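Peer 1: sequence unknown, structure follows:
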């Protein structure tokens, strides 16, 4: 390797390769995504923010909240429930088939469940192979029997209540800048609007984090507040023995409006989830009967 | 006779570099001090939540961003560019072309960084990590970069030494091309005509990863393989290992940087995981070349050499960081190639985490994402590898430029000790905190707040490290300032400023 031009072309080639790989191809794949109709809820997702919440993203960006908080929910995988939605004409055979695939259930529970027209979950929290096997065994009985597979996202973030499902590219269509974050010195904020729906809580927390969450490492954001002159919209914060009565500035209001607008999205095509209408919980309720 | 000619040639090369490079070295050292001050302020915020909470421009998110940007753009890129320029002149035995334009360019670079940092402190950050400076200053930075790097490349074109290109030059010349391309791409796609949704995050990751894994690596590795043989007086062990390292880094490294589990198409994090594992190849090739060049014995005794130890530390940090970077991804690859191995691991206890289910992301249980391991590795690469290598390079170059020894060997020694202590105290606690977080989060976790105590204490411990780094940076700056004042005052300071000093009068008289 002895020539400048070769070096130039080599570097150019290597860099273009990664440009095509990491910039152009995902842009072609997800760059022109559109909001999706979440049909069972009658809403379009995502929806652009407006007013204070829209301006609040810029307060969030300017304060650098992203260095401690992520806005992306991960998912370890999907586990499945299997439900019987229609028993068909051979109800007894169906009940026997269910008992064969899931011997943990008592006969009384099963015959009760098969008679239930709202759907009967006869397997919970299994992997896809097991669920598929069970559906095939029950389906073999025939006579218009119908079963349904209910996918449920699982994993650390979901157990923590940070969201009902993982975040996907479509969730961020209207964000600029997108604040995914790379650190979790504080908790993830994807779903903070659902987890903490109270604006006054957020004001107290931003003013003096320690007073609402003991041992919190978050710095205070007192510059987003001023001393209260009107009593009605003031927030009272107790620090030690002192009571502070403060009102948020415009920026403080915008930031909290933005935080309240952060909600984990609904079920989308790319994120299989249970439908919003929950089937009857059969196993937990039927315990006493199963003991007989 | 010819050696006298060569000596004169080198002297003339150094003279041509003196003005612009001294400006860049001293400014870089000044940014290092500023970065350390901001880093201390940021760490203090973890000790006291109420401290300075009334001042918007001193809030954690802003001082942290200011500290990182001062370190990256003020120190690392500037000093790296200056060292690269000197290496091109020195190895090519050519005088620096357009020294005046380079000086002006360096001036504008510093102006751009100053404005950018003020922008961040006033709340104008772009919100993209490592690319926070407001878009308005980027055009100035780009123009400044091109006037410096452009003339470095012109000098490279006019090199007198037409032997086979020395390996350091492959790395350095490629790096000089690299930065403007990634910088303009990031500007166009994040600020000029922003792409939609998570594509912004993808572009930002791509930029930051290229900057760290390619640009900084190339500058640092290029410098290492000039200075290690030079300072130790040994021959470079092998060009072919370095050729391998060069091409694998250039082609594979830019595919890294997409975190596992990011809300992007699943093939992207998978590709980055594989790239991170493949990056072990150049890391090992470089480790091997350093080791074989120095030999077993010199690797040990080199630590007592006042210059070589900086390069040894840099090489060690590069290799250690590169390996640590690959551990998480390597485990993931093992999990997916040999799923049975999965069953023994704690992750397997979470139902459905087997990874064989269609439509699920690559995997969640990696140790790296969202943990303090990420900033630990960044700090190790920026300060431990690149910073230390550049310190060593500057301590080697500046005496040659100025024709004089460094004013204080004791300060240099103290700078070394403070930097080692500082890197250790900022990196090791973060690594421990990161591993703790990773371990805690991989268990079926119910309460997040219960796991934040130790990591936050590790961030608090970072204050000590940043204070040590601040001390080192101040001594570094003082040493550079002093040699500059001592040599340049007599001839550079305008006459009306030096009527009082008797010494400068005689200097004036003699000229």
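Peer 2: Alright, I've got the coordinates. All values reported here derive from a predicted model rather than from experimental measurement.
Peer 1: And the closest residue to residue B:151 other than its chain neighbours, its phi and psi?
Peer 2: Excluding its sequence neighbours, the residue lying closest to residue B:151 (CB to CB, 6 or more residues apart in numbering or on different chains) is residue B:98, at 3.9 Å. In this view, the C-beta of every residue, glycine as well, is placed from N, C-alpha and C. Here is the backbone geometry of residue B:98 (degrees, to the nearest 10): phi 60, psi 50.
Peer 1: For residue B:98, give me its contacts.
Peer 2: The neighbours of residue B:98, taking CB atoms under 8 Å, 6 or more residues apart in numbering or on different chains as the test, are B:147, B:151, B:154.
Peer 1: Tell me which of those fall in helices.
Peer 2: The helices, defined by DSSP state H, take in B:147, B:151, B:154 from those.
Peer 1: for those residues, which one is nearest chain A?
Peer 2: For the ones in helices among the contacts of residue B:98, the closest approach to chain A (CB to the nearest CB) belongs to residue B:154, at 10.9 Å.
Peer 1: SS state for the closest residue to the closest one other than its chain neighbours?
Peer 2: Ranked by CB to CB, 6+ apart and with sequence neighbours excluded, the top spatial neighbour of residue B:154 is residue B:97, at 4.5 Å. Assigned with DSSP: H, G, I helix; E, B strand; the rest coil, residue B:97 falls in the coil class.
Peer 1: so residue B:97 touches residue B:156, yeah?
Peer 2: No. Residue B:97 sits out of contact with residue B:156 when judged by CB atoms under 8 Å, with a separation of 9.4 Å.
Peer 1: Which one's more surrounded, these two?
Peer 2: residue B:156 (24 against 18; other CB atoms under 10 Å in any protein chain shown).
Peer 1: show me the contacts for that one.
Peer 2: Contacts of residue B:156 (CB under 8 Å, 6+ apart): A:4, B:88, B:92, B:94, B:169, B:173.
Peer 1: next one: residue A:57
Peer 2: Residue A:57 sits next to A:49, A:175-176, A:179, A:258 when contact means CB under 8 Å, 6+ apart.
Peer 1: Which element, helix or strand, includes it?
Peer 2: Using DSSP states H and E, residue A:57 sits within helix A:51-63.
Peer 1: ok, stretch B:138-146 near chain A or not?
Peer 2: No. For stretch B:138-146, no contact with chain A is found by CB under 8 Å from any CB of the partner chain; the gap never falls below 14.9 Å.
Peer 1: coming back round to it: mind listing which of the contacts of residue A:57 are in helices?
Peer 2: Residues of the contacts of residue A:57 located in helices (DSSP H): residue A:258.
Peer 1: can the contacts of residue A:57 go into a markdown table with extra columns for distance to residue A:228 and neighbour count?
Peer 2: A markdown table is the format used below for the contacts of residue A:57 (distance: CB to CB, whole Å; neighbours: other CB atoms under 10 Å in any protein chain shown):
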| residue | distance to residue A:228 | neighbour count |
| --- | --- | --- |
| A:49 | 28 | 17 |
| A:175 | 33 | 20 |
| A:176 | 34 | 17 |
| A:179 | 30 | 22 |
| A:258 | 22 | 24 |
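Peer 1: so which of the contacts of residue A:57 are also by chain B?
Peer 2: Among those, the residues that sit close to chain B (CB under 8 Å from any CB) are A:175-176, A:179.
Peer 1: out of those residues, which one sits closest to residue B:46?
Peer 2: residue A:179 (20.9 Å; CB to CB).
Peer 1: follow-up on the earlier one: tell me how far the residue nearest to residue B:154 lies from chain A.
Peer 2: With distances taken as CB to the nearest CB, to the nearest Å, residue B:97 is found 14 Å from chain A.
Peer 1: Leaving out chain neighbours, which residue sits closest to the residue in the stretch 151-300 of chain B that chain A sits nearest to?
Peer 2: Here the residue of the stretch 151-300 of chain B nearest chain A is residue B:254; by CB to the nearest CB that distance is 3.2 Å. Distances taken as CB to CB, 6+ apart place residue A:18 nearest to residue B:254, at 3.2 Å, with adjacent residues excluded.
Peer 1: Likewise for residue B:453?
Peer 2: Residue B:453's closest residue in space is residue A:215 (CB to CB, 6+ apart), at 6.9 Å.
Peer 1: show me where the stretch 51-200 of chain B has helices.
Peer 2: B:60-69, B:78-92, B:99-121, B:135-157, B:167-187, B:199-209 (DSSP state H, counting those that start in this stretch).
Peer 1: a markdown table please, covering those helices and showing mean pLDDT.
Peer 2: Converted to a markdown table, the helices of the stretch 51-200 of chain B look like this (pLDDT from 0 to 100):
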| stretch | mean pLDDT |
| --- | --- |
| helix B:60-69 | 96 |
| helix B:78-92 | 97 |
| helix B:99-121 | 97 |
| helix B:135-157 | 96 |
| helix B:167-187 | 96 |
| helix B:199-209 | 96 |
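Peer 1: Quick one, which of those helices gets closest to residue A:169.
Peer 2: The closest of the helices of the stretch 51-200 of chain B to residue A:169 is helix B:199-209. By CB to CB, the value is 8.0 Å.
Peer 1: Can you pull out the low-pLDDT segments for the stretch 151-300 of chain B?
Peer 2: For the stretch 151-300 of chain B, no stretch is flagged by pLDDT under 70.
Peer 1: distance of the residue nearest to residue B:151 from residue B:488?
Peer 2: Going from residue B:98 to residue B:488 by CB to CB, to the nearest Å gives 21 Å.
Peer 1: try residue B:377
Peer 2: Distance, residue B:377 to residue B:488, using CB to CB: 39 Å.
Peer 1: more neighbours, those two?
Peer 2: Per other CB under 10 Å, whichever of residue B:377 and residue B:488 has more neighbours is residue B:377, with 22 against 14.
Peer 1: Do the host helix or strand of the more buried one and chain A come into contact?
Peer 2: Residue B:377 is part of helix B:373-379 when elements are defined by DSSP H and E. Yes. Judged by CB under 8 Å from any CB, helix B:373-379 and chain A are in contact via B:374-375.
Peer 1: Can you report how many residues neighbour residue A:17?
Peer 2: So residue A:17, with other CB under 10 Å, has 15 neighbours.
Peer 1: Look at the residue in the stretch 51-200 of chain A that chain B sits nearest to and say how many residues are nearby.
Peer 2: Closest approach between the stretch 51-200 of chain A and chain B, counting by CB to the nearest CB: residue A:64, at 1.7 Å. Other residues near residue A:64 come to 24 when the count uses other CB under 10 Å.
Peer 1: pretty sure it is in contact with residue B:64, am I right?
Peer 2: Yes. Residue A:64 is within contact range of residue B:64, at 6.4 Å (criterion: CB under 8 Å).
Peer 1: Show the pLDDT at residue B:439.
Peer 2: With respect to pLDDT, residue B:439 has a value of 77.
Peer 1: Revised request: answer the last question for residue A:239.
Peer 2: 80.
Peer 1: Check the gap between it and residue B:59 for me.
Peer 2: For residue A:239, the distance to residue B:59 equals 18 Å [CB to CB].
Peer 1: Would you map the helices across the stretch 101-250 of chain A?
Peer 2: Under DSSP H, counting those that start in this stretch, the stretch 101-250 of chain A gives helices at A:107-115, A:128-139, A:156-159, A:192-195, A:199-207, A:209-212, A:250-261.
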